[in-house]
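J.: structure here, sequence nowhere to be found:
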Ligand SMILES: *Cc1c(COP(=O)(O)O)cnc(C)c1O
């Protein structure tokens, strides 16, 4: 096609009446079309002669598509890290999202008491289920665990002291630093012990009339080995309570139950047997649900938190509450195997061998893949010391191609990792219902690379 002189620009109103634009937002179209016509008029872009205006229509529609393309897109996580913070942490079971439509697709009783017809308690919806699962007296849900830490310190220790071990002043990825959050909340940080050793006597020696909280923080993304000592939260509880102080554990992840694949961390039920004042943890780590911060503990303290004005800013929406409630119901009704995060974390090598065989049997170029053992971590600050065995599909290619190959997979929505100069697909974080999709992506990408 030859570019001639500038095509004649149609009259805007008539152009927008074209059949191609029916059912589309006329205001958006007006804006995009004006912009396009202006660019043609000023010679910023050239388009071929366009007798039937079809080129113009195509351009407007393509600009609309670009504008409307989703920024948040689904990906396949072949990194092996199940709780990958950059990939949205915990995956959510699709059937939970389907069920949710019913509870919140319309109006709901978020703050409404159906019995009395009066205003109801928005913070009470999840209490019964959380109490059952955790073994706590009461619980409340906020925006995330960072908000939970902030709110607890702000409620009970503004202008007062909070005692924390030096070895626990951690930074969790994404600019969450315990000392910074503490000072923002208004509490005074009282560091005790040394990086590697903190004893029970360090806590008691630090108590002053200004002390409000003895806090323990889960070392989510590192471990201290060698000449070390720390005070377990179970020990801290009586220590704080006998001194009329609040014991608080920022547990980070917290698993609801014990299982070999979860290593040897204390589970929620055994923590709550010790009647702690307050514990907080994330909704999208080992719990396997949405971003949220769960605060659980004694009713008298949860009641105080409910009275803090800041809760209004940190509270969760009905969408979050609905996903969380459905997740808790799954735990109660069916157990962790009905939660995607736990389905993935608990897979055995044999399970993953079956997955690998399924992919290989549908590959056009299965000779380019081999199967090998590897290992991975749960991720998201959960189980930092617990290596999980895993199985991977290894792409046989020259090491110098690895970067290019991993990029091509990424462009197709599959996030792999490089190990020993080879691109590998770690099956730990891939669910059975994704295998067909993985196979298709591999076929496409490896096809292009003979
Ligand atoms: C992950 C984590 C947080 C932050 O939790 P978010 O839910 O991401 O806000 C805070 N403290 C600890 C110990 C953690 O592991």
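T.: Yes, it's here. Keep in mind that this is a model prediction, so the values were computed, not measured. Numbering: from 1, shown residues only.

J.: relative to the whole chain's centre, how far out is stretch 215-234?
T.: 24 Å (C-alpha atoms, centre = their mean, to the nearest Å).

J.: got the buried residues for it?
T.: With burial defined by 16 or more other C-beta atoms under 10 Å, the residues of stretch 215-234 counted as buried are 215-221, 230-231, 233-234. (Each C-beta comes from the backbone N, C-alpha and C, glycine too.)

J.: endpoints of that stretch, how far apart?
T.: Using C-alpha to C-alpha, to the nearest Å, the gap from the first to the last residue of stretch 215-234 comes to 12 Å.

J.: ok, the buried residues of stretch 215-234 vs the ligand, which is closest?
T.: Checking the buried residues of stretch 215-234 against the ligand with C-beta to the nearest ligand atom, the nearest one is residue 220 at 3.3 Å.

J.: contact partners for the closest one?
T.: Contacts of residue 220 were listed using C-beta atoms under 8 Å, 6 or more residues apart in numbering, and they are 170, 172, 252-253, 381-382, 384.

J.: number of nearby residues for the closest residue to it other than its chain neighbours?
T.: With sequence-adjacent residues excluded and distances taken as C-beta to C-beta, 6 or more residues apart in numbering, residue 220 is closest to residue 381, at 3.1 Å. If you count neighbours by other C-beta atoms under 10 Å, residue 381 ends up with 25.

J.: can you pull the contacts of the closest residue to residue 12 other than its chain neighbours?
T.: Spatial nearest neighbour of residue 12, excluding adjacent residues (C-beta to C-beta, 6+ apart): residue 33 at 6.3 Å. The contact partners of residue 33, by C-beta under 8 Å, 6+ apart, come to 12, 15-16, 60.

J.: list buried members of those residues by neighbour count.
T.: Applying 16+ other C-beta under 10 Å to the contacts of residue 33 flags 15-16, 60 as buried.

J.: who's in contact with the helix or strand where residue 355 lies?
T.: Residue 355 belongs to helix 349-361 when assigned by DSSP states H and E. With contact meaning C-beta under 8 Å, 6+ apart, helix 349-361 is reached by 366, 369, 371, 373, 389-391, 393, 427-428, 430, 432, 435, 438-439, 442.

J.: what residues does the stretch 1-150 of the chain put near the ligand?
T.: The interface of the stretch 1-150 of the chain toward the ligand, taken as C-beta under 6 Å from any ligand atom, is made up of 144-146.

J.: okay, those in CSV with neighbour count, distance to residue 75 and pLDDT next?
T.: Shown next, in CSV, are those (neighbours: other C-beta atoms under 10 Å; distance: C-beta to C-beta, whole Å; pLDDT from 0 to 100):
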residue, neighbour count, distance to residue 75, pLDDT
144, 21, 22, 96
145, 28, 24, 96
146, 20, 24, 95
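
J.: for the residues you listed, which one is nearest residue 273?
T.: Within those, the smallest distance to residue 273 is 22.1 Å, found for residue 145 (C-beta to C-beta).

J.: doesn't residue 293 make contact with that closest one?
T.: Yes - counting by C-beta atoms under 8 Å, residue 145 touches residue 293, with 4.1 Å between them.

J.: what sits closest to the residue nearest the centre of the chain if chain neighbours are left out?
T.: Taking C-alpha atoms, centre = their mean, the centroid of the chain lies closest to residue 89, which sits 3.0 Å from it. Distances taken as C-beta to C-beta, 6+ apart place residue 284 nearest to residue 89, at 4.2 Å, with adjacent residues excluded.

J.: just give me the neighbour total for that neighbour.
T.: Residue 284 has 25 nearby residues by other C-beta under 10 Å.

J.: contacting residues for the closest residue to the ligand within the chain?
T.: Relative to the ligand, the nearest point of the chain is residue 252 (2.6 Å; C-beta to the nearest ligand atom). Residues near residue 252 by C-beta under 8 Å, 6+ apart: 145, 172, 217-218, 220, 281-282, 285, 381-382.

J.: where does this structure have low pLDDT?
T.: 1-7, 174, 449-450 (pLDDT under 70).

J.: same thing but 50
T.: 1-4 (pLDDT under 50).

J.: walk me through the domains of it.
T.: 12-68, 76-83+343-447, 94-338 (automatic domain parsing).

J.: from start to finish, how long is the last one in a straight line?
T.: With C-alpha to C-alpha applied, domain 94-338 spans 11 Å between its terminal residues.

J.: ditto for the first one
T.: End-to-end distance of domain 12-68: 22 Å, with C-alpha to C-alpha as the criterion.

J.: from the chain's centroid, how far away is that domain?
T.: 39 Å.

J.: what of the longest one?
T.: Put simply, domain 94-338 sits 16 Å off its chain's centre (C-alpha atoms, centre = their mean).

J.: strands - which of the contacts of residue 252 land there?
T.: 172, 217, 281-282 (DSSP state E).

J.: now for those residues, which pair is the farthest apart?
T.: Counting by C-beta to C-beta, the most remote pair of these is 217 and 282, 13.2 Å apart.

J.: contacting residues for residue 229?
T.: Taking C-beta under 8 Å, 6+ apart, one finds 196-199 in contact with residue 229.
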